[in-house]
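1. Make a model of this:
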Amino acid sequence: VVVAEVLSLDAVAGKKLWTVTLNAGQGADKDPITVVTNASNVAVGARVVVALEGAEVGGETVKRATVGGVMSEGMLCDAPMLGWKGGGAGAAA
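-> Just a heads-up that it's a prediction; the model follows:
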């Protein structure tokens with residue numbers, strides 16, 4: 001689980017989903033990662049908490065998956081998912 005910067009945000013056609021491109025500290029020689037989310041509080045330039053492939057969150061292992069026809073390489077995390085108190089729904093920022 002890492003903090004990543006939102007580079008771009010695009011609506012998934014016909015779905016209440018967003019394709020989010022992130023810089024998760026993977027280095028200049030690697031492509032940004034893509035995550036699909038339904039979080040409505042994400043904005044370009046924001047820093048969000050993301051569970052990358054292989055991370056364990058809420059008792060489950062995060063895997064690559066096709067969501068809304070788009071490959072998602074991780075999952076944005078909200079505060080309750082991380083065990084944080086006082087946070088609400090939406091991506092933890």
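
2. Next up, phi/psi of Pro32, please.
-> Backbone torsions for Pro32, taken as degrees, to the nearest 10, come to phi -60, psi 160.

3. what about the longest strand in this structure?
-> The residue-count maximum for a strand in the chain (DSSP state E) belongs to strand 2-11.

4. So which residue of this protein lies furthest out from the middle?
-> Most distant residue from the mean C-alpha position of the chain: Asp29, 20.8 Å away (C-alpha atoms, centre = their mean).

5. Would you enumerate the residues in contact with it?
-> Residues near Asp29 by C-beta atoms under 8 Å, 6 or more residues apart in numbering: none. All C-beta spots, glycine's among them, are computed from the backbone N, C-alpha and C.

6. Show the pLDDT at it.
-> Per-residue pLDDT puts Asp29 at 73.

7. separation between the spatially most central residue of the chain and Leu7?
-> Among the residues of the chain, the one closest to the centroid is Leu76, at 2.9 Å (C-alpha atoms, centre = their mean). Going from Leu76 to Leu7 by C-beta to C-beta, to the nearest Å gives 14 Å.
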